[in-house]
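Participant: A structural model of the following input is requested.
(one chain, ligands or ions: 1)
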Amino acid sequence: MSEDTDVIIVGAGLAGLRAAQVLDAAGLEVDMFDTAAQVGGRVTSTLVDGFVLDEGFQLINPAYPELIASGALIGFDLRRFAPVIEFSDGRRTTVVADPRAGLVDAMRSVRHPALTVSDAVRLTALLTAVAGRPVSQLMSSPDTTTRRALLEHGISERAIDAVIQPFLRGALLDDELETSWHYSELVLKSLARGRPGTHPLGIGALPATLAATLTRTRVHLGEEVTSVTANEVTSRQRRLRARTVIVASDPSGARRLLGGGDVAWRPQTTWWWSLPSLDDSDRLRIDTRRRFLSSALDLSSVAPERAPRGHSLVAASANVVDAAQDEAVRDDVARLYGVGVAEVQLIRRTPVPRALPVVASPLDLRRTQVIGGVIVAGDYLQTPSIQGALVSGRRAARLALSRLHEPRRD
Ligand SMILES: Cc1cc2nc3c(=O)[nH]c(=O)nc-3n(C[C@H](O)[C@H](O)[C@H](O)COP(=O)(O)OP(=O)(O)OC[C@H]3O[C@@H](n4cnc5c(N)ncnc54)[C@H](O)[C@@H]3O)c2cc1C
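Facilitator: Below is the predicted model of the structure:
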């Protein structure tokens, strides 16, 4: 039976888009399906009352190698935040960073009351090694949980709880630091290399930019795929045959289509607040009083387009799905930004129960990518990040290309 297309991709998140980009550039005919009405998967933005909100607290690190390789950053209006973290209880603020340095460089010269001289020296040595060593060297040592690795490096419990956990929990969505140390090393390494930022149109600008690079791919949105084989895909609207099939869905979608076990997830809720215009607020803020929020950030400090004139847009997130916290979070945000509670207006709460797949140790970056002849991609097969999703998409595309050998010529 003849095929309708070269490659079918199920899922137009970052993994699917990167796979499509590589195949499209190789001259292949690609059909890509997504249940959602837009591309981007977990990376989307919406406009609410003049505020541009993201589907959760998400930042783009311009140092991600695969993001650079995708070309998406060329001409991309990334607005970066100051490489500074403020720990604040509302009365006293400790700045844990040097504004002239990169974030991790800055943490090396940390001056925090909870850090003894010995902690500061050990932390400096550890971060220097993580930033400087090649990934292959970092990955060659035995992996363990992040907390255990820090203790094994001689960092005290007190320093971990006062400085490192508040810093890492927002990136890992993990309050206990049970995440693979190797993954934390990759996160710290990327922070040493690049200053994360946002886009005036929101995080959704990233998948939109990737999608715009596709010249011959047909993108079928709002079309759920209900079954797949190695050469055929059935959606609610059609049945299509291809020379090869890639499932680049989230892990739950892959399980529904291909079987296998589910993965454990880490949740996140982001509260989006309207505040009066703030000055000098382009720093990540961490609340040391209640310690419920993992962080708060004024996105409009670098992207004023994201809020109506006269307003600031503050995102505050926690690693829970908890609807009963609105008033307490409002208090936290008012305290962190030194404004009255009445001036802090809730725009929307974004609970994401399945935000990031859990990354247990040992980290395995070479997980199986083929199930029943179907190629599989997704962040959960690499790392739960923009970088991980893009790498897995590129690997899936390369696998498809090696199967097909010669691109079909029109
Ligand atoms: C709240 C939150 C905060 C984050 N913060 C950051 C951050 O700051 N920095 C960072 O690097 N990363 C961050 N991430 C992680 C990053 O967004 C993800 O790792 C990445 O987007 C995953 O991409 P993916 O393509 O693997 O999966 P997904 O984005 O989940 O895409 C899968 C797609 O498959 C589609 N699909 C599933 N089943 C079917 C089907 N049967 N038929 C058709 N389509 C289907 C889905 O609709 C979806 O669009 C964050 C994620 C979240 C949720």
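Participant: how about the helices of the protein, start to end?
Facilitator: Using DSSP state H, the helices of the chain run over residues 14-25, 65-70, 103-108, 117-132, 135-139, 146-152, 157-159, 165-172, 181-193, 205-212, 251-258, 326-337, 386-404.
Participant: rank those helices by pLDDT, which is bottom?
Facilitator: When the helices of the chain are compared on average pLDDT, helix 103-108 comes out lowest at a mean of 50.
Participant: list the contacts for the closest residue to P276 other than its chain neighbours?
Facilitator: The spatially closest residue to P276, leaving aside those adjacent along the chain, is E343, at 5.5 Å (Cβ to Cβ, 6 or more residues apart in numbering). Quick note: C-beta positions are derived from backbone N, CA and C, even for glycine. The neighbours of E343, taking Cβ atoms under 8 Å, 6 or more residues apart in numbering as the test, are L275, P276, A334.
Participant: Tell me how many other residues surround the last one.
Facilitator: Going back to what we said before, that points to A334. Close neighbours of A334, defined as other Cβ atoms under 10 Å, add up to 18.
Participant: Tally up the residues packed near the residue in the stretch 51-200 of the chain that the ligand sits nearest to, please.
Facilitator: At 2.3 Å from the ligand, G56 is the closest residue in the stretch 51-200 of the chain, using Cβ to the nearest ligand atom. Residues lying near G56 (other Cβ under 10 Å) number 21.
Participant: That one: what's its closest spatial neighbour, skipping adjacent residues?
Facilitator: Of all residues not flanking G56 in the chain, V352 sits nearest, at 4.7 Å (Cβ to Cβ, 6+ apart).
Participant: I'd like to know how far that neighbour sits from the ligand.
Facilitator: V352 is 4 Å from the ligand, where distance means Cβ to the nearest ligand atom, to the nearest Å.
Participant: Quick check, pLDDT for that residue.
Facilitator: At V352, pLDDT is 97.
Participant: Which residues of the stretch 151-300 of the chain lie near the ligand?
Facilitator: E224, V225, A248, S249, D250, G253, L257, Q268 (Cβ under 6 Å from any ligand atom).
Participant: In those, find the pair that's most separated.
Facilitator: Pairwise distances across those (Cβ to Cβ) peak at 26.9 Å, for the pair V225 and Q268.
Participant: quick revisit: are any of the residues of the stretch 151-300 of the chain next to the ligand buried, and if so which?
Facilitator: Burial by neighbour count, 16 or more other Cβ atoms under 10 Å: within these this picks out V225, A248, S249, D250, G253, L257, Q268.
Participant: So for those residues, which is the shakiest by pLDDT?
Facilitator: G253 (92).
Participant: That one: what's its closest spatial neighbour, skipping adjacent residues?
Facilitator: G11 is the one closest to G253 (Cβ to Cβ, 6+ apart), at 6.7 Å.
Participant: The one you found and S249 touch, don't they?
Facilitator: Yes. G11 is in contact with S249 according to Cβ atoms under 8 Å; the separation is 4.0 Å.
Participant: Name the residues contacting each of those two.
Facilitator: Jointly contacting G11 and S249 under the rule Cβ under 8 Å, 6+ apart are G378.
Participant: Can you give me the domain assignment for the protein?
Facilitator: Using automatic domain parsing, the domain ranges for the chain come out as 5-43+204-264+360-404, 45-79+197-201+266-357, 97-193.
Participant: Looking from the ligand, tell me which residue of the stretch 251-400 of the chain is nearest.
Facilitator: G253 (2.6 Å).
Participant: one step back: take the residues of the stretch 151-300 of the chain next to the ligand and keep only those in strands.
Facilitator: V225, Q268 (DSSP state E).
Participant: Switch the residues of the stretch 151-300 of the chain next to the ligand over to JSON lines; also include distance to V376.
Facilitator: Output for these, formatted as JSON lines (distance: Cβ to Cβ, whole Å):
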{"residue": "E224", "distance to V376": "18"}
{"residue": "V225", "distance to V376": "13"}
{"residue": "A248", "distance to V376": "8"}
{"residue": "S249", "distance to V376": "9"}
{"residue": "D250", "distance to V376": "11"}
{"residue": "G253", "distance to V376": "10"}
{"residue": "L257", "distance to V376": "9"}
{"residue": "Q268", "distance to V376": "25"}
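Participant: Just give the number of residues close to G16.
Facilitator: G16 has 33 nearby residues by other Cβ under 10 Å.
Participant: who touches it in this structure?
Facilitator: By Cβ under 8 Å, 6+ apart, the contact set of G16 is I9, V10, M32, D34, G41, I246, A248, S249, A377, G393.
Participant: any idea how far the ligand is from it?
Facilitator: In terms of Cβ to the nearest ligand atom, G16 sits 6 Å off from the ligand.
Participant: surely L28 meets D6?
Facilitator: Yes. In this structure, L28 is within contact of D6 by Cβ under 8 Å, at 4.2 Å.
Participant: Can you check the pLDDT for the nearest residue to F292 once chain neighbours are set aside?
Facilitator: With Cβ to Cβ, 6+ apart as the criterion, F292 has its nearest non-adjacent residue at 5.5 Å, and that residue is A318. Note on A318: pLDDT of 97.
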